[in-house]
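Novice: Could you look at this predicted model? Sequence included:
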Amino acid sequence: MKKKGNTVLNALGSLKLTVALILFIAVLCVVGSVFPQESSVTSSGHGDGFRIPFLLGPYDVFHSVWFLGAGLLLCINLALCMMRRLKPKKRSLLMLLLHSGVLLVIIGYAIGFMGLDGYAEIPEGESVSQVVLKDGSVYDPGFSIRCERFAVDFYGNGMPREYTSDLSFLINGQVADQARVRVNHPASFAGISFYQESFRDLLSAVLTVSDGKQPATFTVSEGDIIPLPSAGTRARVVKIWHDLMHAGPAVKLLIEEGHGGRFVYVFRDIDVIISKMPGLLEAMPAFDPSGFHPYTFSCSEVKHSFATGIGVKRDPGAPLAGIGGAIFFLGILLACFLPPSSGPGRERAPVQEAAHGPVRAAAKSKES
Amino acid sequence: MTSGTMIGIVTFIYLGAFSCLLVGRLLDKKRLANAAFLGAVGGFALLTAGLVLRWRESYAMGIGHVPLSNFYESLVFFSWATTLITFAGIRGETRNRVLTFIMPAAALMLGYASFSPGIDSSIQPLIPALKSNWLAIHVITCFLGYASFIVASVFGIFMLRNGHTLSGRHPWGEMFYRCVMIGFVFFTVGILTGSVWAHVAWGRYWGWDPKETWALITWLLYAAVLHERVRSGRVTGRVIMLSFAGLLSVLFTYIGVNYLPGLHSYL
């Protein structure tokens, strides 16, 4: 019985298994890079704990049983290899150091799944108190983030030079800290890091609706809904343009009435347009601001602003992975300065793996 | 003379050196081969000057940055690094032998960079994502790693062609191992610096982006090369075949991944 256990241990700690596992993981990586991977499962486990999806398809290779299993087996193989080869020799100790670095990186990466990986889109001048995680759920960091200002700078040739967000962190409505975030220059607050990830143009329009009695003015963004006085009727803001067809700012409304609906384009400069193109409203009834009785729509202004896209992240495993990487680097650098395990004229027997190791290796070399 | 012209000229110097090396080898004219080596050194010096000049040109344009920011510049640097590793690591008769393989490869990279209509060789300012001190060290270490892997493959070819894998005592086996080891160190540093940069720029040090995944595949294949060598106790045919797979993976990591969607689209 004991001998059988030893055989299993020998196999688990063998270099043959190491090479096989490395190649197996490499093949999985090829699959994972060719098929588009679902990102939903890469989110942090906030709220629903630690999740290991049991998917067998090629669309989530890096969280599949195969990948995690092979990684775990490689860790076991590494640990056994390190234990079996532990000798008080320089090279042996160096290999121990080097491979413990690899183990630390893998452990650090695994710890990272307990971190935070979210995103917040914040319009200029507004604040958000919730962060959207990769799986679509929301996370409350315990403070709110306000975007004071977002700016894009350009080079002379029109290429973007810099994206900058000025952020404030608010606890109970009070500014606790402020930070400027740029690409490659994240900020951190309360143990969470903030990254400049993206931005979006925001257009808002000042619309006035008159039904002949009482005009009402609204400031609207795309997607907003304006209630109209007559029951069951409302106007949905479909799109806002800074300049539509070289005719200046315009808003496209969808007037919803019962099951039906019709579009109305509200140009800011409709009077100028009509004076240049008489007969336009007859040809294009949708451009008539009074085309939907009894209402008259007018647009006095279209304003442009930004919404900044901020990555909100915390990775508790990163320091450990960093230490592991540094240890590995140190180990492999030192290994270059030590004499190699074998070389010309100093050839030695193959590493003894199991009882039959050298014999097998010798037989193999004859084949090749 | 502009940097682009200088770099383009080196293509022909390298091709000339390759032709002389080949003829010298076939006709057993040692002096011709040695002259070809001197020509290659001259080409390398001109290429170095071209890279420095391109760097200065970017500063003169007011958008100064290291010439390592797009496909053109990476091809030129790859060519430079491959020649550098050959010159720095190999001496004597073997060096000319290796150069016979390295010169056409280096010339191909330069020629593709300089004369392919699909490659933009103009100096462009850095996009915000690339404006980082990590750019230079990350790109330099990765390409020195790639270059060492290329030289290792040349020794692998020598060993397979001459049947030296059976004895394993030939110095070429030792050179093969050293090149793989040096490449592995450089490439490891390349991945580590890339991870630190990704952590700073994107908030995650590893994200399974195709470039990252293929860098890992390459790293794993060369890790397999090193482990298989320890297992056999010498450089066997299997070790060499694994390193060839590693070189294919290098090529895919460099160029192939651009056909997969990802964040490293600027190469």
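Specialist: Everything's here; your move. Residues are numbered from 1 along each chain as shown, chains lettered A, B, ... in the order given.
Novice: where does chain A dip in pLDDT?
Specialist: Scanning chain A with the threshold set as pLDDT under 70 gives A:1-4, A:39-57, A:339-368.
Novice: could you pull out the helices for it?
Specialist: A:2-12, A:15-34, A:65-84, A:90-111, A:270-276, A:280-283, A:318-337, A:357-367 (DSSP state H).
Novice: ok, now the stretch 151-267 of chain B?
Specialist: B:171-202, B:210-232, B:237-254 (DSSP state H, counting those that start in this stretch).
Novice: which one of those is the most hemmed in?
Specialist: helix B:210-232 (a mean of 23; mean count of other Cβ atoms under 10 Å in any protein chain shown). Every C-beta, even on glycine, is put in place using the N, C-alpha and C of the backbone.
Novice: orientation of that helix relative to helix A:318-337 in degrees?
Specialist: Note on geometry: by axes from the mean of the first three to the mean of the last three Cα atoms, to 10 degrees, helix B:210-232 and helix A:318-337 are set 40 degrees apart in direction.
Novice: how about helix B:210-232, does it get close to chain A?
Specialist: Yes: residues of helix B:210-232 contacting chain A under Cβ under 8 Å from any Cβ of the partner chain: B:210, B:213-214, B:216-217, B:220-221, B:223-224, B:227-228, B:230-232.
Novice: of those residues, closest to A:S127?
Specialist: Distance to A:S127, by Cβ to Cβ, is smallest for B:P210 among these, at 36.2 Å.
Novice: Tabulate the helices of the stretch 151-267 of chain B in TSV, adding columns for mean pLDDT.
Specialist: Formatted as TSV, those follow (pLDDT from 0 to 100):
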stretch	mean pLDDT
helix B:171-202	95
helix B:210-232	95
helix B:237-254	96
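Novice: mind checking which of the ones you listed is nearest A:N157?
Specialist: A:N157 lies closest to helix B:171-202 among these, at 22.8 Å (Cβ to Cβ).
Novice: Check which helices and strands the closest one sits against.
Specialist: Packing partners of helix B:171-202 (3 or more Cβ pairs under 8 Å, 6 or more residues apart in numbering or on different chains; DSSP states H and E): strand A:192-210, helix A:318-337, helix B:71-89, helix B:92-115, helix B:134-162, helix B:210-232, helix B:237-254.
Novice: Adding distance to A:P36, write the ones you listed out as CSV.
Specialist: Shown next, in CSV, are the helices and strands packed on helix B:171-202 (distance: least, Cβ to Cβ, whole Å):
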stretch, distance to A:P36
strand A:192-210, 20
helix A:318-337, 26
helix B:71-89, 24
helix B:92-115, 29
helix B:134-162, 25
helix B:210-232, 10
helix B:237-254, 17
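Novice: do you know which of these lies nearest A:L78?
Specialist: With Cβ to Cβ, the closest approach to A:L78 among the helices and strands packed on helix B:171-202 belongs to helix B:210-232: 10.9 Å.
Novice: on that earlier part again, of the helices and strands packed on helix B:171-202, which is nearest B:C20?
Specialist: helix B:92-115 (9.4 Å).
Novice: close to chain A, is that closest one?
Specialist: No: judged by Cβ under 8 Å from any Cβ, helix B:92-115 makes no contact with chain A; its nearest approach is 13.2 Å.
Novice: Flag every buried residue along that helix.
Specialist: Burial within helix B:92-115, assessed by neighbour count using 16 or more other Cβ atoms under 10 Å in any protein chain shown, is assigned to B:94-107, B:109-114.
Novice: how much distance is there from it to the middle of the chain?
Specialist: Here helix B:92-115 is found 11 Å from its chain centre; the criterion is Cα atoms, centre = their mean, to the nearest Å.
Novice: by contact count, what packs against that helix?
Specialist: helix B:3-26, helix B:30-60, helix B:71-89, helix B:134-162, helix B:171-202.
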